[in-house]
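In: give me coordinates for this.
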Amino acid sequence: MADANFSAASPSAHPMAGPGYGKRTTPGQPPRTNHDFAHLPPREAAIAAYLDQLPDGADISVKTLAKQLPYGQCALGTALNRIQQAGHLRRGRECITADDGSSRWITRSWWSRSARDDDWWATFTRGDVPRQSARPTRSRAHILLAALGRTAPVLSLSDADCATLAPLVTDWFERGAAEDDVLRALTAGLPTPVHHPAALVRNRLTSKLPPPPTPRPPLRILECANCGAPGRPETLPGGRCSACRGERAPAQPPAPLSAPTVHDHAAQIRAAMSRQRQERAHA
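Out: This is a model prediction of the structure:
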């Protein structure tokens, strides 16, 4: 049954979007289960489960999905709208700053395994959502510590040492440090001999901890899923603008008169007042 299983579709073979574009998973995702999308209709649940398995950067445009899944573009567009209204998807733009200081706006398709309400998406747009994810950096930190002995044999650590020291390495990662930065700090200028590897590693991770980066809130704009019109999050409940939801737009105040029009009206009023004075003088 197509709604329940895409036997011919392989997430691993799904096309990727251009660099910097495509699917972007939001932070704070819980572990994947078989019931993540049980609240959706069967077709939408199957499509959502497929999207959830795609890696970040995958092309999730309607045209590309139609080439991978057993649905046409019209059906997929309807399904994606329902998935978006359920709180799993938002489309918009984000301002990205390059290393040379230049910036540009790029299209984003943000994905959340958890269904999020409009308030959550509004908070995410402002950059206020906590950055912790369901894939904790502790595993990455533990791997680095466990492999430390390959770079510096005198710093070989036990599994218990790695588990204890991993949060300190996580602090480095959260401050923008790369693995090479941590390795240099731990292995440069080692004393001879090293009597207590775990104590030395702890001391260096603590004393050489880099300063926290200056926080820079992201610049994000949500867009209507139907027409692409940009708008504030509160004007796009469910990811759609008022016009696409079939609501009548509020009456707009009349546009202000231009300067030449104002001057012309003033001249007409002065001329009329002058004629009235002349008529009274000759009465």
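
In: run through the neighbouring helices and strands of the helix or strand hosting Ala79.
Out: Assigned by DSSP states H and E, Ala79 falls within helix 73-85. In terms of contacts (3 or more Cβ pairs under 8 Å, 6 or more residues apart in numbering; DSSP states H and E), helix 73-85 is packed against helix 42-53, helix 62-68, strand 89-97. Where C-beta positions appear, they are placed from N, C-alpha and C, glycine not excepted.

In: closest to His14 out of these?
Out: Shortest distance between His14 and these, using Cβ to Cβ, is found for helix 62-68: 5.9 Å.

In: buried set for the helix holding Ala79?
Out: Leu76, Ala79, Leu80, Asn81, Arg82, Ile83, Gln84, Gln85 (16 or more other Cβ atoms under 10 Å).

In: what do you get for stretch 182-190?
Out: Neighbour-count burial for stretch 182-190 flags Val182, Leu183, Ala185, Leu186 (criterion: 16+ other Cβ under 10 Å).

In: cool, and stretch 234-248?
Out: Using 16+ other Cβ under 10 Å as the test for burial, stretch 234-248 gives Leu236, Gly238, Gly239, Arg240, Cys241, Ser242, Cys244.

In: lowest-scoring secondary structure element of this protein by mean pLDDT?
Out: Of all helical and strand segments in the chain, the minimum by mean pLDDT, DSSP states H and E falls on helix 259-281, at a mean of 73.

In: distance from the chain centre to that helix, please.
Out: The chain centroid and the centroid of helix 259-281 are separated by 60 Å, computed with Cα atoms, centre = their mean, to the nearest Å.

In: how about the CA coordinates for that helix, as PDB?
Out: Extracted in PDB, the C-alpha atoms of helix 259-281 (Å, rounded to 0.1, in the frame of the first residue of the first chain):
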ATOM      1  CA  ALA A 259       2.600  66.800  -2.300                       C
ATOM      2  CA  PRO A 260       1.500  68.200  -5.700                       C
ATOM      3  CA  THR A 261      -2.100  67.100  -5.000                       C
ATOM      4  CA  VAL A 262      -2.100  68.800  -1.600                       C
ATOM      5  CA  HIS A 263      -0.700  72.000  -3.100                       C
ATOM      6  CA  ASP A 264      -3.300  72.000  -5.800                       C
ATOM      7  CA  HIS A 265      -6.200  71.500  -3.300                       C
ATOM      8  CA  ALA A 266      -4.800  74.300  -1.100                       C
ATOM      9  CA  ALA A 267      -4.600  76.700  -4.200                       C
ATOM     10  CA  GLN A 268      -8.200  75.800  -5.000                       C
ATOM     11  CA  ILE A 269      -9.300  76.600  -1.500                       C
ATOM     12  CA  ARG A 270      -7.500  79.900  -1.400                       C
ATOM     13  CA  ALA A 271      -9.000  80.900  -4.800                       C
ATOM     14  CA  ALA A 272     -12.500  80.100  -3.600                       C
ATOM     15  CA  MET A 273     -12.000  82.100  -0.400                       C
ATOM     16  CA  SER A 274     -10.700  85.100  -2.500                       C
ATOM     17  CA  ARG A 275     -13.800  85.000  -4.700                       C
ATOM     18  CA  GLN A 276     -16.100  85.000  -1.600                       C
ATOM     19  CA  ARG A 277     -14.300  88.100  -0.200                       C
ATOM     20  CA  GLN A 278     -14.600  89.900  -3.500                       C
ATOM     21  CA  GLU A 279     -18.300  89.000  -3.800                       C
ATOM     22  CA  ARG A 280     -19.000  90.300  -0.200                       C
ATOM     23  CA  ALA A 281     -17.100  93.500  -1.000                       C
END
